[in-house]
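A.B. asks: any chance you could fold what I've pasted below:
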Amino acid sequence: MAVHPRIVCLAGAGSRSGRAWEIFDGIIRYLTVAGGFDRADFVEASYRVSSAGEPLPYGESDSTVPLAVATGAVARSLEWIRRAAGTKLHLLGWSLGGVVLFDAAAELVRSDPSWVRDLGSIVTLASPLLGTDLDGIDLVGEFAVGPVGGDLARRAADPAQKDQVRARARALRESGIRVVTLAAEDDAVVTPEDALLPAEGSEPGAFILRPRRRNGAPYVESILGHWDLPYDPICWRHVLAAIGPAERPG
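C.D. replies: Below you'll find the predicted structure:
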């Protein structure tokens, strides 16, 4: 029986352990049906790890620490997951989760080239890879003004930091790792300008979608549009196209 890749999921700022399963529920169910994955192929990274790097349950405060601290913890959790899985990894992050997975992957590949073999793709959904100016963020909750919010605001205001992100994306793609960034057109928290890293070749790496607002969503979520992308079937198809099926021909 073929060994499937693992899909490593991570939710955003202010989340706690298990939130990824809520955010990515539709995507996970779609990938199991259309992509041939098993539920056991999905694992959750963590903003909190043991001394050995094992992902530990985390709370809201763990996902609002300075960006460098969060990235370091998530990188260590990825190293632990790779050792435990013994197979290729694909990274799937929403909001801050996508930023931290991207930054962690870029550093891991830079410091250990063997990651090029074991990392298949990085897919981010509504992730402020280029920072965010925090417009309207006060409506989301107090977590947004924490250390990570300040770091993302500084990134948005610093052309050098944004150029570094683009350079990291270019290096990852040149190494053969697929980097796909998705944004929602009407997202008032993370705009497409903040979320997208277009590819410099024939393979598209950036997509703007127009997901419908979710029925029954809390009022703040319904007006900001930041939570809609993971629930959009078109988004699910883009994720599968980036990751590929669980078992590839040949």
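
A.B. asks: would you mind writing the CA trace of stretch 118-132 as CSV?
C.D. replies: Written as CSV, here are the backbone C-alpha positions of stretch 118-132 (Å, rounded to 0.1, in the frame of the first residue of the first chain):
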residue,chain,number,x,y,z
ASP,A,118,10.6,16.3,1.5
LEU,A,119,8.5,19.4,1.0
GLY,A,120,6.0,19.3,-1.9
SER,A,121,4.0,22.5,-1.7
ILE,A,122,3.0,25.5,0.4
VAL,A,123,-0.5,26.7,0.0
THR,A,124,-1.7,29.8,1.9
LEU,A,125,-5.2,31.1,2.2
ALA,A,126,-5.8,34.8,3.1
SER,A,127,-2.4,35.0,4.6
PRO,A,128,-0.7,38.4,5.1
LEU,A,129,2.6,37.2,3.6
LEU,A,130,3.5,40.8,2.8
GLY,A,131,2.2,42.1,6.1
THR,A,132,-1.0,44.0,6.8
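
A.B. asks: where's that stretch relative to the chain centroid, distance-wise?
C.D. replies: Put simply, stretch 118-132 sits 5 Å off its chain's centre (CA atoms, centre = their mean, to the nearest Å).

A.B. asks: in that stretch, which residues are buried?
C.D. replies: By neighbour count on 16 or more other CB atoms under 10 Å, the buried set for stretch 118-132 is 118-132. All C-beta spots, glycine's among them, are computed from the backbone N, C-alpha and C.

A.B. asks: then stretch 29-44?
C.D. replies: Using 16+ other CB under 10 Å as the test for burial, stretch 29-44 gives Y30, L31, G35, F37, D41, F42, V43, E44.

A.B. asks: make TSV out of the residues you listed and add secondary structure.
C.D. replies: Formatted as TSV, the buried residues of stretch 29-44 follow (DSSP: H, G, I helix; E, B strand; the rest coil):
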residue	secondary structure
Y30	helix
L31	helix
G35	coil
F37	coil
D41	helix
F42	strand
V43	strand
E44	strand
